[in-house]
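Undergrad: From the sequence below, what's the structure:
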Amino acid sequence: MTTERTGWFGYRARLTLSCYALLAATLVLLAVFVYVPVVWAFSNSLYQFEVGGEAQFIGLRNYQEFLFEDAVTWPSFLNMALLTLIAVAARLTVPLIVARFICSLPHERGRYFYRLLFLIPIVVPGVAVQLIWGGLVYAERGLVNETLAAIGLADWARGWLSDPRTALVAVAFVGFPFVFGFEVLIYYAGLSNIPTSVNEAALLEGCTGIRKFFLIDVPMVMSQLKLILILTIIGGIQGFEGLIILTQGGPGFKTTVPGLWMYYNAFSFQRFGYACAIGVCLFVIIFGLTVLNLRYFRSTEELEGAR
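TA: Presented below is the predicted three-dimensional model:
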């Protein structure tokens, strides 16, 4: 009996140690590739240096310049806010409506077909999507201008990405009609997990159509809405890849965002300390908005617990 118990505890000890060993390896990799670069960025934001040059400690001078002296800072924040708000509005509404339509299909084969149909664009590289919009949709002889000419509105044609009056709005509408496959699948999963008893009770009470959508479906997918909101805010604040491809931040600085300005300062102007300070500011904004979202945007489970 003692031998069996000793063997059992020995097995559990080996299993526990192996689990900790796997976690330790993961934590080491996470620290090397995530936490160390973050700490490095925080520390180097206090210095002025170029690659291969000697670093000079200047304290908070980079932050002072970025927040109070740089003429690009606040226009870039306004551009970022507009693009992020449009992205949030689009990703929280259109994919949810599409997912609801898919759930309403009577046959599983039809639902599977449309899920697959909306999933296909996810595998298309983002760079290719941006190039298509820049070269085929917004070009001088692109889809938009040719369509305007065909319906007798040729005077409205313009260089949508080169005109300061339309460049930012044109960038914001890349991806129209905003039926993003990832969001559709997330919302579909949430809608599919609504208990059958809830849907049956709503039907008995006469709660159908748009009324059911707002009173039952939306509250039941709050967890998915919360996830998409966080991811969209993070992507909107730190993203700039599409802007490099479409406009390079121009014309002028009409489509420049802080993330793009950070990239230019680091790799075009060789001001790595200043670029780190911009990155730290973006980190603080993202962290603060994420905390507010987690605190005040209730998920489905939290709403049910409150009841």
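Undergrad: Distance from the chain centre to stretch 53-66, please.
TA: With Cα atoms, centre = their mean, to the nearest Å as the basis, stretch 53-66 stands 30 Å off its chain's centre.
Undergrad: can you give me the end-to-end distance of it?
TA: End-to-end distance for stretch 53-66, by Cα to Cα, to the nearest Å: 22 Å.
Undergrad: Report the buried residues of that stretch.
TA: Neighbour-count burial for stretch 53-66 flags 58, 61-63, 66 (criterion: 16 or more other Cβ atoms under 10 Å). No exception for glycine: its C-beta is placed from N, CA and C like everyone else's.
Undergrad: Okay, and which of those residues map to helices?
TA: 61-63 (DSSP state H).
Undergrad: Closest to Pro251 out of those residues?
TA: Nearest to Pro251 among those, counting by Cβ to Cβ, is Asn62 at 27.5 Å.
Undergrad: how much space between the closest one and Leu105?
TA: Counting by Cβ to Cβ, to the nearest Å, the separation of Asn62 from Leu105 is 55 Å.
Undergrad: And for Leu29?
TA: According to Cβ to Cβ, Leu29 stands 43 Å off from Leu105.
Undergrad: Between the two, point out the one with more neighbours.
TA: Leu105 (13 against 10; other Cβ atoms under 10 Å).
Undergrad: ok, now which ones touch the more buried one?
TA: Shown in contact with Leu105 (Cβ atoms under 8 Å, 6 or more residues apart in numbering): 111, 114.
Undergrad: distance of it from Phe113?
TA: Distance, Leu105 to Phe113, by Cβ to Cβ: 9 Å.
Undergrad: So, low pLDDT: which residues of the stretch 151-300 of the chain?
TA: For the stretch 151-300 of the chain, applying pLDDT under 70 flags the ranges 297-300.
Undergrad: how does it look with 50?
TA: Applying pLDDT under 50 to the stretch 151-300 of the chain flags no residue at all.
Undergrad: quick one, helices of it?
TA: 167-172, 181-192, 196-204, 209-212, 218-220, 222-238, 241-246, 258-267, 272-296, 300-306 (DSSP state H, counting those that start in this stretch).
Undergrad: now the ones you listed as TSV including mean neighbour count and distance to Tyr20?
TA: Output for the helices of the stretch 151-300 of the chain, formatted as TSV (neighbours: other Cβ atoms under 10 Å; distance: least, Cβ to Cβ, whole Å):
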stretch	mean neighbour count	distance to Tyr20
helix 167-172	21	48
helix 181-192	20	33
helix 196-204	11	42
helix 209-212	11	49
helix 218-220	16	38
helix 222-238	18	30
helix 241-246	18	38
helix 258-267	21	38
helix 272-296	17	29
helix 300-306	12	30
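Undergrad: Could you provide the ones you listed in CSV, with additional columns for distance to Met80?
TA: Conversion of the helices of the stretch 151-300 of the chain to CSV gives the following (distance: least, Cβ to Cβ, whole Å):
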stretch, distance to Met80
helix 167-172, 10
helix 181-192, 21
helix 196-204, 39
helix 209-212, 34
helix 218-220, 28
helix 222-238, 6
helix 241-246, 10
helix 258-267, 6
helix 272-296, 9
helix 300-306, 29
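Undergrad: of the ones in helices among the buried residues of stretch 53-66, closest to Ala139?
TA: Taking Cβ to Cβ as the measure, Ala139 sits nearest to Asn62 out of these, at 39.0 Å.
Undergrad: Enumerate every residue touching that closest one.
TA: With contact set as Cβ under 8 Å, 6+ apart, Asn62 has these partners: 45-46, 48, 273-274, 276-277.
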